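In: A structural model of the following input is requested.
(one chain, ligands or ions: 1)
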Amino acid sequence: MTESALALSKADTGPRAGDAVSLKGVTKLYDRGVAALGPLDFNVRDGDFVSLLGPSGCGKSTALRIIAGLSAPTSGTVRVAGGGRSIGFVFQEPTLMPWASVRDNVALPLKLAHRPRTDIGGHVEAALARVGLAEFAAAYPRQLSGGMRMRVSLARALVTDPDILLMDEPFAALDEITRFRLNNDLLALWRDLRKTVIFVTHSVFESVYLARRVVVMTPRPGRISAEYRIDTAEPRGEDFRTSAEYAAYCREVSIGLSLATGKGALRR
Ligand SMILES: Nc1ncnc2c1ncn2[C@@H]1O[C@H](COP(=O)(O)OP(=O)(O)OP(=O)(O)O)[C@@H](O)[C@H]1O
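Out: Take a look at the predicted model:
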């Protein structure tokens, strides 16, 4: 792969047919005038896997929360396919109810949506099987490892079969082996279910491994600084992770991140 094979383009503006998410001129001002975000113009194609990459505090979580409708933008427009009704959110912490079984934790979104009781069991079993936890439905969060707790959190996000999955640094607190395994499982899940995924991370390595499109953000207020398309043979796996191609992409994106943060530690 040559450097010219790495597509670097300006952020698209304006919604198009087939966009799952479209942000236009989105800003977020917190109390005491903290400008956290934007203006941000950002579109995500239906079924794409996009990573938002940026330094801590650049507003990645804020952008995700705005897309999810958990936070209102100060200005700008947000369009989400289906009116935002079909979103699953995975937080950095698994945020499980410690007093409830795995089964009951995963069932929560269906109960909140008042789905018929007879409907719930099958969906919960399917979501748990999807993340490899079919055997642990009766266990409690304290009995599980960190990686397993995150799988429960993922199952809870999947149980409503959302079209869009928003993931906020979900694997950041996990050890590397567990993280790699969950990376592979997430890719398999995305290949099978073809959901739109927006994955926030501050890891260059993780963003390049997972995403088809890496969007680099500047420090606060977060804006888009550069985009990289990771065009590699699919399905990705450990061969990709150890390849020269992967290393070259990581280097290119690292340079982009350094330029975005103004550090310039890595120069061309
Ligand atoms: N409720 C709030 N009130 C005031 N400032 C806030 C609030 N939430 C976030 N901020 C500030 O806005 C900026 C962006 O925060 P945000 O959590 O979106 O960034 P981030 O890129 O996701 O960071 P991290 O990677 O550390 O989670 C930060 O400087 C943060 O301190």
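
In: going forward, measure contacts between C-alpha atoms and count neighbours the same way
Out: Noted.

In: how is the protein partitioned into domains?
Out: 3-86+163-261, 93-162 (automatic domain parsing).

In: any chance of TSV for the ones you listed, columns mean neighbour count?
Out: Below are these laid out as TSV (neighbours: other CA atoms under 10 Å):
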stretch	mean neighbour count
domain 3-86+163-261	19
domain 93-162	18
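
In: so which of the ones you listed comes closest to the ligand?
Out: Closest of the domains of the chain to the ligand is domain 3-86+163-261, at 3.1 Å (criterion: CA to the nearest ligand atom).

In: and that closest one, average pLDDT?
Out: The pLDDT scores in domain 3-86+163-261 average 90.

In: pull the distance from that domain to the chain's centre.
Out: 6 Å (CA atoms, centre = their mean, to the nearest Å).

In: near the ligand at all, it?
Out: Yes. Contact of domain 3-86+163-261 with the ligand (CA under 6 Å from any ligand atom) involves 30-31, 34, 36, 56-62.

In: what about the helices in the stretch 51-200 of the chain?
Out: 60-68, 102-112, 117-130, 146-158, 176-193 (DSSP state H, counting those that start in this stretch).

In: residue at max distance from the center of this protein?
Out: The outermost residue of the chain, judged against the average C-alpha position, is Thr118 (31.2 Å), by CA atoms, centre = their mean.

In: check contacts around the residue sitting nearest the centre point of the chain.
Out: Among the residues of the chain, the one closest to the centroid is Phe199, at 1.7 Å (CA atoms, centre = their mean). Residues near Phe199 by CA atoms under 8 Å, 6 or more residues apart in numbering: 49-52, 166-169, 207, 211.

In: again, 7 Å this time
Out: When contacts are counted by CA atoms under 7 Å, 6 or more residues apart in numbering, Phe199 touches 50-52, 166-168.

In: among the residues of domain 3-86+163-261 next to the ligand, which pair sits farthest apart?
Out: Pairwise distances across the residues of domain 3-86+163-261 next to the ligand (CA to CA) peak at 19.0 Å, for the pair Asp31 and Ser56.

In: where's the residue farthest from the centre of the chain relative to Asp168, distance?
Out: According to CA to CA, to the nearest Å, Thr118 and Asp168 sit 32 Å apart.

In: mind listing what the residue lying closest to Val80 once chain neighbours are set aside touches?
Out: Nearest residue to Val80, sequence neighbours excluded (CA to CA, 6 or more residues apart in numbering): Val21, at 4.6 Å. Listed by CA under 7 Å, 6+ apart, the contact partners of Val21 are 43-44, 79-81.

In: again, only using 8 Å
Out: Contacts for Val21 (CA under 8 Å, 6+ apart) come out as 42-46, 67, 78-81.

In: ok, so of the residues you listed, who is nearest Ser145?
Out: Nearest member of these to Ser145, counting by CA to CA, is Ile67, at 30.1 Å.

In: contacts only, for that closest one.
Out: By CA under 8 Å, 6+ apart, the contact list for Ile67 reads 21, 78, 80, 84.

In: kindly report the same for Gly132.
Out: Contacts of Gly132 by CA under 8 Å, 6+ apart are Arg151.

In: how much space separates it from Asp31?
Out: In terms of CA to CA, Gly132 sits 42 Å off from Asp31.

In: what do you get for Phe180?
Out: Here Phe180 is placed at a distance of 38 Å from Asp31 (CA to CA).

In: circling back to that earlier point, return the member of the contacts of Phe199 nearest to Lys195.
Out: Scanning those for proximity to Lys195, where the rule is CA to CA, the winner is Leu166, at 10.2 Å.

In: my read is that Tyr228 contacts Val215, right?
Out: Yes. Using CA atoms under 8 Å, Tyr228 makes contact with Val215 at a distance of 6.6 Å.
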